[in-house]
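Q: Fold the following, please.
(one chain, ligands or ions: 1)
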Amino acid sequence: MSSQENAGSPADELRWKKFPVLDDGFVCLVDVMGDDSSVVQAARVSYGAGTKKVSDDRTLIRYLLRHRHTTPFEMAEIKLLVRVPMDCWRQWIRHRTASVNEYSTRYSLAIDAAQRTAPGEWRTQAAGNRQGSEGVLPEEVGRELSRQEEELQDEIREVYQHRIAVGVAREQARKDLPLSTYTEAYWKVDLHNLLHFLALRMDHHAQLEIRRYATTIGEQIVRPLFPVVWEAFLDYRMKALFLTRLDTEVIQRLAASGDAVPWSEDAFLAAQDPAWQGLQRCRERDECRDKLQRLGLMESAS
Ligand SMILES: Cc1cc2nc3c(=O)[nH]c(=O)nc-3n(C[C@H](O)[C@H](O)[C@H](O)COP(=O)(O)OP(=O)(O)OC[C@H]3O[C@@H](n4cnc5c(N)ncnc54)[C@H](O)[C@@H]3O)c2cc1C
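A: Down below sits the predicted model:
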């Protein structure tokens, strides 16, 4: 990977700068290949040189992202060093299109840090989404949970250190370390797959912890390195609204009904897709309602 060598370039200013995430994690840029112009350069092989004004570059990048072109964005690459708790890393590592080298706890002692949760940060189980959380437990309950967590982590760390002291191999001594233990890894990925990772992991459906990492990578690293791509990514992915055939037909039925905007819940239910009728719970219907609320076509739930 060749580096951007100009002193004062965004890459030079960012390289090895640690952006803290959670209580003891970080992300930092190790190296980058390319910038906005690499995307343009690759695309112009296909589309012809044309004029090369900056405004045209921006238009081209936005066109490519809007129309889901992929390979021009694969021409740029980013290498990060990340420090992440194991439970979060387990989600992260599912993204198979990156190259990874991880700290080895067979070879070295496990990193002596585990992620801890502050008393005010114990989240409650979401009622509507089995994978999610919503709200936090009262502080006094949180204080007890945080105390227990500290005790548990300290005890496990002592057991681990005892195993090492009496000669147990590192590869076996680590087996009872908690998922909150931090790991470190080099993570290299092209810009297309990085944006895919960010779209999934900055989304509100993703777990808060990995969302914090993704948001830090996006805002602190990708934005300054690829400002035009980042702007297009926000416009056409993160802040875009995807309408399915069913959503579109609900809107068409509501518009044809003559009811005034904002449409009521009753009007929405009358116009819902036939497949949703009679279902007490229907995630797709909820998502459709949510889109109409975002568009200001229905009142938001209080
Ligand atoms: C909110 C959320 C909840 C999740 N819940 C669960 C869960 O409950 N259980 C669970 O197991 N996982 C879960 N996942 C993980 C998810 O299913 C994906 O494995 C993960 O997000 C990686 O996405 P990806 O495969 O698109 O990314 P990458 O692995 O980076 O791949 C990028 C793209 O490359 C292509 N690709 C890569 N490898 C292959 C291949 N072998 N064959 C064909 N195409 C390939 C695909 O188009 C893919 O989208 C969840 C993810 C999110 C964001």
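Q: so where does Thr117 fall, helix or strand?
A: Using DSSP states H and E, Thr117 falls within no helix or strand.
Q: pretty sure it is touching Ser146, no?
A: Yes: Thr117 is within contact range of Ser146, at 6.0 Å (criterion: C-beta atoms under 8 Å). C-beta here means a position set from N, CA and C on the backbone, and glycine is covered the same way.
Q: What degree of burial does Gln207 show, as a neighbour count?
A: 15 (other C-beta atoms under 10 Å).
Q: State the distance from it to Gly25.
A: Gln207 sits 14 Å away from Gly25, going by C-beta to C-beta, to the nearest Å.
Q: Repeat that for Ala43.
A: 35 Å.
Q: More neighbours: those two, which one.
A: Comparing Ala43 with Gly25 by other C-beta under 10 Å, the one with more neighbours is Gly25, at 24 against 20.
Q: tell me the contacts of that one?
A: Contact analysis of Gly25 by C-beta atoms under 8 Å, 6 or more residues apart in numbering lists 82-85, 88, 115, 182, 213.
Q: Not counting its neighbours along the chain, what's nearest the residue nearest in space to the middle of the chain?
A: Closest residue to the average C-alpha location of the chain: Arg201 at 2.0 Å, with C-alpha atoms, centre = their mean. Computed as C-beta to C-beta, 6 or more residues apart in numbering, the closest residue to Arg201 that is not its neighbour in sequence is Ala214, at 3.7 Å.
Q: mind checking the SS state of the one you found?
A: Assigned by DSSP: H, G, I helix; E, B strand; the rest coil, the conformation of Ala214 is helix.
Q: Please name the residues that touch it.
A: 197-198, 201-202, 206.
Q: out of these, who's near the ligand?
A: Ala206 (C-beta under 6 Å from any ligand atom).
Q: with the contacts of Ala214 in mind, which one is nearest to Val228?
A: Leu198 (15.7 Å; C-beta to C-beta).
Q: who touches that closest one in this structure?
A: 214, 217-218, 222, 233, 238.
Q: How much space separates it from Ala206?
A: In terms of C-beta to C-beta, Leu198 sits 10 Å off from Ala206.
Q: domain parsing for the chain?
A: Domain assignment of the chain by automatic domain parsing yields the ranges 10-107+181-238, 119-176, 245-294.
Q: Mind putting those domains into CSV with mean pLDDT and distance to Ser300?
A: Listed next are these as CSV, based on pLDDT from 0 to 100; distance: least, C-beta to C-beta, whole Å:
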stretch, mean pLDDT, distance to Ser300
domain 10-107+181-238, 94, 15
domain 119-176, 93, 16
domain 245-294, 96, 5
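Q: what sits against Gln125?
A: Here Gln125 is in contact with 133-134 (C-beta under 8 Å, 6+ apart).
Q: cool, and Asp259?
A: Residues in contact with Asp259 (C-beta under 8 Å, 6+ apart) are Ala267.
Q: coming back round to it: deepest of the domains of the chain, which one?
A: Greatest average neighbour count among the domains of the chain goes to domain 10-107+181-238 (a mean of 18), per mean count of other C-beta atoms under 10 Å.
Q: From start to finish, how long is it in a straight line?
A: With C-alpha to C-alpha, to the nearest Å as the measure, the ends of domain 10-107+181-238 fall 23 Å from one another.
Q: Return the distance of it from the chain's centre.
A: Put simply, domain 10-107+181-238 sits 10 Å off its chain's centre (C-alpha atoms, centre = their mean, to the nearest Å).
Q: Which SSE is immediately downstream of the longest helix seen in the chain?
A: Longest among the helix segments of the chain by residue count, using DSSP state H, is helix 139-165. Counting by DSSP H and E, the element after helix 139-165 in chain order, helix or strand, is helix 170-173.
Q: re earlier: format the domains of the chain as JSON lines; extra columns: distance to Ala301.
A: Output for those, formatted as JSON lines (distance: least, C-beta to C-beta, whole Å):
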{"stretch": "domain 10-107+181-238", "distance to Ala301": "16"}
{"stretch": "domain 119-176", "distance to Ala301": "12"}
{"stretch": "domain 245-294", "distance to Ala301": "7"}
